[in-house]
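Novice: What follows is a protein structure lacking sequence information:
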């Protein structure tokens, strides 16, 4: 391990004891703990080797799920950060420990860990480490749905990235994006679209201040934030029924995730396909140069087949694909949220085609053809009549749909009459110019 620590010559006995202890880690972790304890005893005054030994003891106790002892050792290690080791080395080490511990599923343990770190940092004045720890704690509160505590952290984080005038400090663009990302996730989880929309607009202002990584060689993290905001924008637009805007945002997010090699690209491609279907676009999304390579990807194949069935108005195949690939499609809460709308769209198209030759049609017959309950058929018919997709009335007593083709024909006649009048006016204008 590398450190920038002391100027003094390393104590050979301490160094040997440390590396001998480290060699025991894998095969005999308990013996390694006892051996690392000897490093602390040999050292006497707090220094580099004791700090290194405590770091290893924390990780071993975590692996052994001995969490109370792990916390004791961590608190002991935090007493070293003021003077025993350099600021850079302590920051790097604590970051490493926080990342290592964050794999735990024990929320209470993580909360104690982050809060203990923040308490120790009050006097250390290490802004970067304070920011990172607070962000991790914020993510934990988000996962636990403790939005009140999360909002308190977000306020502190925002204050740390403001100018003296109380405006966002664009020099801290990456940190601001991280705060906005956390805030957007909170409002997305709460389905607060009003707040989400305002935040999204603000985040675009920050996003525009950060150069594109492919042009300026900016760190990879920035492009992932940009992808994240595009993805969140897509979700927001889709929930508001702005399908074309959603499609644009999802395409940008997918393209950038793909360029940065992020595995998130497949999820975003699914959202792009979802937006494409809700747009009722006749263009297959997999015809694009960017999406084509993923057409037969096992993760995407179900969505590829779903698009095909949807565009062909093949409701039997559509429902079969949903059933066969249930977990692949429906395990994503965002896709699941919109599947009902897709089903309604495809059923509407099949319904229009089905009733076209009739003036009267039995609702139970429609129910059988669409493979849904009579009550669901009636609900669909009511919606279609209200939005003028179908001209007719429902006879609930006799379970009939009575169609008014005359009204539909009348509407067509009115449109043709208007078109004829426009042509006539155009003809007269041309004649008068030539005269």
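Specialist: Okay, I see it. As the structure is a computational prediction, the values presented were derived from the model and not from experiment.

Novice: Quick check: which element contains the closest residue to residue 306 other than its chain neighbours?
Specialist: Computed as C-beta to C-beta, 6 or more residues apart in numbering, the closest residue to residue 306 that is not its neighbour in sequence is residue 321, at 5.2 Å. Bear in mind the C-beta positions are built from the backbone N, C-alpha and C, glycine included. Using DSSP states H and E, residue 321 falls within helix 315-324.

Novice: Not counting the following helix or strand past that helix itself, show me its contacts.
Specialist: Next helix or strand after helix 315-324 toward the C-terminus (DSSP H and E): helix 326-330. Applying C-beta atoms under 8 Å, 6 or more residues apart in numbering, the contact partners of helix 326-330 are 299, 302-303, 306, 321-322, 335-336, 339.

Novice: change it to 10 Å
Specialist: By C-beta atoms under 10 Å, 6 or more residues apart in numbering, the residues outside helix 326-330 that reach it are 270, 274, 298-303, 306, 321-323, 335-336, 339.

Novice: can you pull the buried residues of the helix or strand following it?
Specialist: Sequence-wise, the next helix or strand downstream of helix 326-330 (DSSP H and E) is helix 333-355. Neighbour-count burial for helix 333-355 flags 334-335, 338, 342-343, 346-351, 355 (criterion: 16 or more other C-beta atoms under 10 Å).

Novice: List just the nearest of those residues to residue 151.
Specialist: When the buried residues of helix 333-355 are compared for distance to residue 151 (C-beta to C-beta), residue 334 wins out at 23.4 Å.

Novice: coming back round to it: now for the helix holding residue 321, which elements pack on it?
Specialist: Contacts defined by 3 or more C-beta pairs under 10 Å, 6 or more residues apart in numbering; DSSP states H and E place helix 315-324 against helix 301-311, helix 326-330, helix 333-355, helix 363-370.

Novice: chain center to the longest one, what's the gap?
Specialist: Read it as helix 333-355. Its chain's average C-alpha position is 25 Å from that of helix 333-355, according to C-alpha atoms, centre = their mean, to the nearest Å.

Novice: Okay, angle between it and helix 363-370 too, please.
Specialist: Here helix 333-355 runs at an angle of 120 degrees relative to helix 363-370 (axes from the mean of the first three to the mean of the last three C-alpha atoms, to 10 degrees).

Novice: Can you report phi and psi for residue 84?
Specialist: Here is the backbone geometry of residue 84 (degrees, to the nearest 10): phi -70, psi -30.

Novice: Surely it and residue 40 touch.
Specialist: No - taking contacts as C-beta atoms under 10 Å, residue 84 lies outside contact range of residue 40: 11.8 Å.

Novice: hey, what's in contact with both of those two?
Specialist: 46, 50-51.

Novice: and which of those residues is nearest residue 94?
Specialist: residue 51 (10.6 Å).

Novice: give me the number of residues near the closest one?
Specialist: The tally of other residues near residue 51 (other C-beta atoms under 10 Å) stands at 24.

Novice: Tell me the helix or strand right after the helix or strand containing it.
Specialist: In this structure, residue 51 sits in helix 48-63 according to DSSP H and E. Moving toward the C-terminus from helix 48-63, the next helix or strand (DSSP H and E) is helix 67-78.

Novice: Which elements pack onto that following helix?
Specialist: By 3+ C-beta pairs under 10 Å, 6+ apart, helix 67-78 packs against helix 29-43, helix 48-63, helix 87-101, helix 107-121.

Novice: and the angle for the longest one with helix 107-121?
Specialist: Helix 48-63 and helix 107-121 meet at an angle of 160 degrees, taking the same axes, to 10 degrees as the criterion.

Novice: relative to helix 87-101, how tilted is helix 48-63?
Specialist: Going by the same axes, to 10 degrees, helix 48-63 makes 10 degrees with helix 87-101.

Novice: Report the distance from helix 48-63 to the chain centre.
Specialist: Offset of helix 48-63 from its chain centre (C-alpha atoms, centre = their mean): 35 Å.

Novice: Buried residues, that helix. List them.
Specialist: For helix 48-63, by 16+ other C-beta under 10 Å, it's 48-62.

Novice: just checking, what packs against it?
Specialist: Secondary structure elements in contact with helix 48-63, counted by 3+ C-beta pairs under 10 Å, 6+ apart, are helix 12-24, helix 29-43, helix 67-78, helix 87-101, helix 107-121.

Novice: switch the cut-off to 8 Å
Specialist: Packing partners of helix 48-63 (3 or more C-beta pairs under 8 Å, 6 or more residues apart in numbering; DSSP states H and E): helix 12-24, helix 29-43, helix 67-78, helix 87-101.

Novice: Please apply the same query to the last one.
Specialist: Applying 3+ C-beta pairs under 8 Å, 6+ apart, we find helix 107-121 packed against helix 67-78, helix 87-101, helix 127-143.

Novice: Contacts for it, please.
Specialist: Residues contacting helix 107-121 (C-beta under 8 Å, 6+ apart): 67, 71, 74-75, 78, 81, 94, 98, 101-102, 104, 129-130, 133-134, 136-137, 140, 143-144.

Novice: filter the residues you listed to the buried ones?
Specialist: By neighbour count, with 16+ other C-beta under 10 Å, these hold 67, 71, 74, 78, 81, 94, 98, 101, 129-130, 133-134, 136-137, 140 as buried.

Novice: buried set for stretch 120-136?
Specialist: 120-121, 124, 126, 129-136.

Novice: nearest to residue 245, of those?
Specialist: Nearest to residue 245 among the buried residues of stretch 120-136, counting by C-beta to C-beta, is residue 135 at 29.2 Å.

Novice: Can you tell me the closest non-neighbouring residue to that closest one?
Specialist: residue 178 is the one closest to residue 135 (C-beta to C-beta, 6+ apart), at 6.0 Å.

Novice: One more: residue 196?
Specialist: Spatially, and ignoring its direct neighbours in sequence, residue 196 is nearest to residue 187 (4.4 Å; C-beta to C-beta, 6+ apart).

Novice: close enough to count as contact, that neighbour and residue 195?
Specialist: Yes - judged on C-beta atoms under 8 Å, residue 187 makes contact with residue 195 at a distance of 4.7 Å.
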